[in-house]
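Engineer: only geometry, no sequence info:
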């Protein structure tokens, strides 16, 4: 993209064509090029177009607002099924909360991306099958295999959301990286909206308390239940129309927490080695290791996306490389521990799922670390690191599909 922009730097029509082909990648590369060509009037116009931050909140078109309202209503009605039918709430929500959130977000991106009809049948059929399947299997607390479905179903549905976000263009790696960044922004925006809703709730309770009316039970039963679908949908809608709301927060969070996590992880591993507390015979410690592994891996992926977007310097790359090496060490310990437990106690659904997940993360970390090492030595661009991340994401989706739909059958939902 960078070479194409430079080749057509005086051709407005061709620049517009490049922008429409991949606006996210165009903006990133343009911001790299622009400081050296500030004297060109055409590029000054493009700079204002791409980087101008409006002080007003954009709410999109009337059609988009209508679509968002309809999707929120659909999600809210699904969330209210226990109220409408008398189904046990605990059983329903333990299985169906992901099916309230991810499908409506996927529908939103399918609509705004204008994905062709022949490409939307896959996510639709997958969501319908998931909804039927998850409500037919045993309750999560009665089966380890069913519990695995509950843990991995959100990841499977998240993959379908990614499919919709990238416009069903499976080879569009820059768009996959944008999807990772979108997830970080979405979490922050959802947190802000949720905090606002909590403040609103406390004020509401306080006002009705003054006139001796208890509304807590009915409030949560009939009103707050709509938040499940509404908060992620509203956050997504605001981010798509107002990227400036969060685009300065995410880089700051990544910049602050990446070195802090590196220091914390280094101290933690040193303490583990010093105390000899390895997760070979302690199941809870192995769980902590795996949660830590997933969290740090997610931070690495998000930080690399931010580094590429904002063209960070060598310091960030060194920190990311160091963090990836520490995470590989954690992964190696976790892999050896789960292998030991399998040899010692035999195969179970949980152990197979953890082993497979750890192997995938280990391979992915090696790929990312190698590209980061080359970037540190100026033998590879940050875009190559991003590509190594994006190329592996479908592998996680395949493994998640196996865990959700195949592994439980093998173990007969035991």
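Structural biologist: Perfect, thanks for sending it. The shown structure was predicted, so the numbers you read here are calculated from the model rather than taken from an experiment.
Engineer: mind listing the strands for the chain?
Structural biologist: For the chain, applying DSSP state E gives no strands.
Engineer: quick check: domain ranges of it?
Structural biologist: Domains of the chain are assigned by automatic domain parsing as 2-51, 62-242, 248-410.
Engineer: redo those domains as JSON lines? Include mean neighbour count and mean pLDDT.
Structural biologist: Glycine gets a C-beta too; all of them are placed from N, C-alpha and C. Output for the domains of the chain, formatted as JSON lines (neighbours: other C-beta atoms under 10 Å; pLDDT from 0 to 100):
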{"stretch": "domain 2-51", "mean neighbour count": "14", "mean pLDDT": "80"}
{"stretch": "domain 62-242", "mean neighbour count": "17", "mean pLDDT": "90"}
{"stretch": "domain 248-410", "mean neighbour count": "17", "mean pLDDT": "83"}
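Engineer: what lies in contact with stretch 299-306?
Structural biologist: With contacts defined as C-beta atoms under 8 Å, 6 or more residues apart in numbering, stretch 299-306 is touched by 177-178, 180-181, 183-184, 250-251, 254-255, 257-258, 261, 312, 316, 320, 323-324, 327, 365, 368, 372, 382, 385-386, 389.
Engineer: sorry, that was for stretch 106-118
Structural biologist: 64, 67-68, 71, 120, 123, 127, 157, 160-161, 163-165, 167-168, 233, 236-237, 240.
Engineer: nearest residue to the most centrally placed residue in the chain other than its sequence neighbours?
Structural biologist: Computing the C-alpha centroid of the chain and ranking residues by C-alpha atoms, centre = their mean puts residue 183 first, at 3.9 Å. For residue 183, ignoring the flanking residues on the chain, the nearest one in space by C-beta to C-beta, 6 or more residues apart in numbering is residue 302 at 7.7 Å.
Engineer: ditto for residue 294
Structural biologist: In space, residue 294 is closest to residue 361, 7.6 Å off (C-beta to C-beta, 6+ apart).
Engineer: wait, what's in contact with the one you found?
Structural biologist: By C-beta under 8 Å, 6+ apart, the neighbours of residue 361 are 293, 294, 297, 331.
Engineer: same check on residue 159?
Structural biologist: Residue 159 neighbours (C-beta under 8 Å, 6+ apart): 394, 396, 397, 400.
Engineer: where exactly do the helices run in the stretch 51-200 of the chain?
Structural biologist: Taking DSSP state H, counting those that start in this stretch as the criterion, the stretch 51-200 of the chain contains helices spanning 62-79, 81-85, 89-113, 117-136, 144-165, 173-210.
Engineer: what distance separates the shortest one from the centre of its chain?
Structural biologist: Okay, so that is helix 81-85. 30 Å (C-alpha atoms, centre = their mean, to the nearest Å).
Engineer: what of the last one?
Structural biologist: The gap between the average C-alpha position of helix 173-210 and the chain average comes to 15 Å, counting by C-alpha atoms, centre = their mean.
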